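Novice: pasting the sequence and the predicted model now:
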Amino acid sequence: MNPKARFNAAYLIFAFFLILILHEAWVQYTQVAHLPYSEFQKLLQENKISEVVLNENQIVGTLKQPEGNQKKQFATNRVEPDIAKLLDEHGVKYSRVIENSLFKDILSWILPVFVFFGLWLLLMKRMGGRGGMGGGFMSVGQSKAKIYVEKDTKVTFKDVAGVEEAKEELKEVVDFLKEPKSFGRLGARVPKGLLLIGPPGTGKTLFAKAVAGEAGVPFFSISGSEFVEMFVGVGAARVRDLFEQARKKAPCIIFIDELDALGRARQVGGFSAGNDEKEQTLNQLLVELDGFDSSTGIIVLAATNRPEILDPALLRAGRFDRQILVDRPDKKGRTEILKVHVGKVKLDPSTSLEQIAGLTPGFTGADLANLVNEAALVATRRNAEQVTLSDFTAAIERMVAGLEKKNRLLNPLERKVVAYHEMGHALMAHALPGADPVHKVSIIPRGMGALGYTLQRPTEDRYLMTLEELGNKMAVLLGGRAAEKLVFNHFSTGAADDISRATDIARSMATRYGMDSKLGSVTYDNETGSYLGGAGAANPFQYPRYSEETAREIDVSVKERVNQALQKALLLIESNRSILERGAEMLLEKETLVEEELKGLFADLKKETA
């Protein structure tokens, strides 16, 4: 019988008997009238009582002849200790019951213990049941890994697209799991562990499931955070249990998601008492990775987007031998990913997936899946029969710039400032060589605080940028601020984000890229690369690797570069003032200008030559 069913049946039986006991107690209570002692004295004086039973604290009696709705039996608290004389005077039969307090004493001691134990047992069951496998306190050291067999994963390499290099690497693992003997023919061995690294949303978990689906072997899936509990030693016990289960199911795949939660680098010295549980768990994982041979048919896959913080002992040869980069897909990869996801929607045959892929540089597989869903929702809202390119464009704008807020009304002056600001960005993007083309300009507020936006999307994937291209990018960012200065002779808070992004570029040029002649080809940046966005996280307890004088030179360099970009924008916009005015008027009238309209507007634009 299912243990869970037995558990539920026990609850039902207990509830049934409890209801019977409560019902019997209630019936007895309602059949007896509870009287004050003064009422008892009155009945006694009137000779209406036939007999009573006395105990130390209570008198229970029977009336001779109840009147009306009066109950025959009654009970009252005993007040007079010597009541026998009074009963004799009125001819009432009486007897005394000496209560046995042993049962009450036992109940008063045992019942709280049982209640406490029951609550504790319930708490332990809830804690144990949270992880899936097993339940209760005694199973706290069991692995919480979810086991999938081949038919459960339902994922193969056909469902994974966009990163062909990573797929080729993992196909080798599939071949080994299918024919392990063929790999030992020339003395080669398959890596024990493979670490999938890359930004969030690129399909690392999907790759792991696809490997299991292709090979047709059991797939153990667990997150790194599930090894760690509040009890010291639990994590290590779960690691041992996980590998013990895997040996019984071999050949199989163990997949540890978010490995950085488990495998963070151990600290040397310092206060490490609070990390004992994590370090014990990591040590046990290292021992298990050393304790099995890949010929047993167990492959360990792990995924992380923070490889820079992993313990070096995890990454050495013989443990996670191979690191596979699952990066953001290029244009061809994005097209293949879109082909996988659009199969679930009614797509207009004229829609070009290559064009959509060109508009989505930097999108991950998860982003593209969300894009297809958003486009389908846009088409549904307008009651369309098919999803068209315009729906995808609207979905891209929503994901990049935020949701339109058409009900946010600006006063005429602010609306005019926003129009000139956005037209300044668009003009600079068309005037400078190497800048990303502008697809749309709008003064309709979007997102958290954007009062307008200029949508730029590159035509190709870029991996390198020159000194001049970075300078032009800063000039485009500051084009809106320059337009405000020329037209209204003031600066507004609308350029705050533009200034922040331009400053970041200028600081990176000075501290990371070695693009300042005074500072030289030296890096002054303490930050390490990260897939979580930005340049990474600097150690707050680490001192800068340069002097105060160098810090001043860095600040001067950043200030000079940002000012140079602003001056470039002021000069170019001034030389094209009439186009700026005409574009701003069109934007105020239409609120949104698309790529074709912008090309006609900037046909006579005076551009800067490369």
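Specialist: Structure's in. What do you need?
Novice: okay, buried residues for the one helix or strand residue 276 maps to please.
Specialist: In this structure, residue 276 sits in helix 276-290 according to DSSP states H and E. Buried residues in helix 276-290, counted by 16 or more other Cβ atoms under 10 Å: 277-286, 288-289. From N, CA and C alone the C-beta is placed, and that goes for glycine too.
Novice: cool, stretch 256-270 as well?
Specialist: Buried residues in stretch 256-270, counted by 16+ other Cβ under 10 Å: 256-264.
Novice: return the item of the buried residues of helix 276-290 having minimum pLDDT.
Specialist: Here the lowest pLDDT out of the buried residues of helix 276-290 sits on residue 277, with 72.
Novice: surely it meets residue 238?
Specialist: No - the pair residue 277 / residue 238 is not scored as a contact, 11.3 Å apart, by Cβ atoms under 8 Å.
Novice: possible to save the buried residues of helix 276-290 as JSON lines with distance to residue 158?
Specialist: Listed next are those as JSON lines, based on distance: Cβ to Cβ, whole Å:
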{"residue": "277", "distance to residue 158": "41"}
{"residue": "278", "distance to residue 158": "38"}
{"residue": "279", "distance to residue 158": "41"}
{"residue": "280", "distance to residue 158": "41"}
{"residue": "281", "distance to residue 158": "36"}
{"residue": "282", "distance to residue 158": "36"}
{"residue": "283", "distance to residue 158": "40"}
{"residue": "284", "distance to residue 158": "37"}
{"residue": "285", "distance to residue 158": "32"}
{"residue": "286", "distance to residue 158": "36"}
{"residue": "288", "distance to residue 158": "33"}
{"residue": "289", "distance to residue 158": "31"}
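Novice: show me the helices in the stretch 151-300 of the chain, by range?
Specialist: Using DSSP state H, counting those that start in this stretch, the helices of the stretch 151-300 of the chain run over 164-178, 180-183, 204-215, 234-249, 276-290.
Novice: quick revisit: looking at the buried residues of helix 276-290, which one is closest to residue 168?
Specialist: If you rank these by distance to residue 168 using Cβ to Cβ, residue 289 comes first, at 24.4 Å.
Novice: OK, contacts around that closest one?
Specialist: 192-193, 300, 314, 318-320 (Cβ atoms under 8 Å, 6 or more residues apart in numbering).
Novice: tally of neighbours for residue 398?
Specialist: Each residue near residue 398 was counted by other Cβ atoms under 10 Å, and the total is 18.
Novice: against which helices or strands is whatever helix or strand residue 584 lives in packed?
Specialist: Here residue 584 sits within helix 577-590, counting by DSSP H and E. Judged by 3 or more Cβ pairs under 8 Å, 6 or more residues apart in numbering; DSSP states H and E, helix 577-590 is in contact with helix 412-431, helix 479-488, strand 592-594, helix 595-601.
Novice: return the alpha-carbon coordinates of the longest one using CSV.
Specialist: The C-alpha atoms that make up helix 412-431 are tabulated as CSV, following Å, rounded to 0.1, in the frame of the first residue of the first chain:
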residue,chain,number,x,y,z
PRO,A,412,3.7,70.9,-24.4
LEU,A,413,7.1,72.1,-23.4
GLU,A,414,8.3,68.7,-22.1
ARG,A,415,6.9,67.0,-25.2
LYS,A,416,8.9,69.4,-27.4
VAL,A,417,12.1,68.8,-25.3
VAL,A,418,11.7,65.1,-25.7
ALA,A,419,11.1,65.4,-29.5
TYR,A,420,14.3,67.4,-30.0
HIS,A,421,16.2,65.1,-27.6
GLU,A,422,15.3,61.9,-29.5
MET,A,423,15.8,63.5,-32.9
GLY,A,424,19.3,64.5,-31.7
HIS,A,425,20.1,60.8,-31.1
ALA,A,426,18.7,59.8,-34.5
LEU,A,427,20.6,62.5,-36.3
MET,A,428,24.0,61.6,-34.7
ALA,A,429,23.4,57.9,-35.5
HIS,A,430,22.9,58.7,-39.2
ALA,A,431,25.8,61.2,-39.3
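Novice: which neighbouring elements make contact with that helix?
Specialist: Using 3+ Cβ pairs under 8 Å, 6+ apart: helix 412-431 touches strand 438-442, strand 453-456, helix 467-477, helix 479-488, helix 548-575, helix 577-590.
Novice: what are the buried residues along the fifth one?
Specialist: In this case it means helix 548-575. By 16+ other Cβ under 10 Å, the buried positions in helix 548-575 come out as 550, 553-554, 557-558, 561-562, 565-566, 568-570, 572-573.
Novice: so where is the stretch 251-400 of the chain shaky, pLDDT-wise?
Specialist: Scanning the stretch 251-400 of the chain for pLDDT under 70 picks out the ranges 268-275, 292-295.
Novice: strands of that one, start to end?
Specialist: Assigned by DSSP state E, counting those that start in this stretch, the stretch 251-400 of the chain shows strands spanning 252-257, 298-304, 322-325.
Novice: right, and those - which one's nearest residue 334?
Specialist: Using Cβ to Cβ, those put strand 322-325 closest to residue 334, at 16.8 Å.
Novice: quick one: residue 289 and residue 319, what's the gap?
Specialist: Per Cβ to Cβ, to the nearest Å, residue 289 is found 4 Å from residue 319.
Novice: mutual contacts of those two, please.
Specialist: What both residue 289 and residue 319 touch, as defined by Cβ under 8 Å, 6+ apart, is the set 192-193.
Novice: how distant is stretch 479-489 from the center of its chain?
Specialist: In terms of Cα atoms, centre = their mean, to the nearest Å, the centre of stretch 479-489 is found 41 Å from the chain centre.
Novice: oh, that last question was meant for stretch 239-247, not what I typed.
Specialist: Put simply, stretch 239-247 sits 27 Å off its chain's centre (Cα atoms, centre = their mean).
Novice: put the alpha carbons of that stretch into CSV.
Specialist: Only the C-alpha atoms of stretch 239-247 are listed here, as CSV (Å, rounded to 0.1, in the frame of the first residue of the first chain):
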residue,chain,number,x,y,z
VAL,A,239,26.1,14.1,-2.4
ARG,A,240,27.0,10.6,-1.3
ASP,A,241,23.4,9.5,-1.7
LEU,A,242,23.2,11.1,-5.2
PHE,A,243,26.2,9.2,-6.5
GLU,A,244,25.1,6.0,-4.8
GLN,A,245,21.8,6.2,-6.7
ALA,A,246,23.6,7.0,-9.9
ARG,A,247,25.8,3.9,-9.6
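Novice: from residue 421, how far out is the residue nearest to residue 485 when sequence neighbours are not counted?
Specialist: Spatially, and ignoring its direct neighbours in sequence, residue 485 is nearest to residue 491 (6.3 Å; Cβ to Cβ, 6 or more residues apart in numbering). Distance from residue 491 to residue 421, counting by Cβ to Cβ: 11 Å.
Novice: thank you, goodbye.
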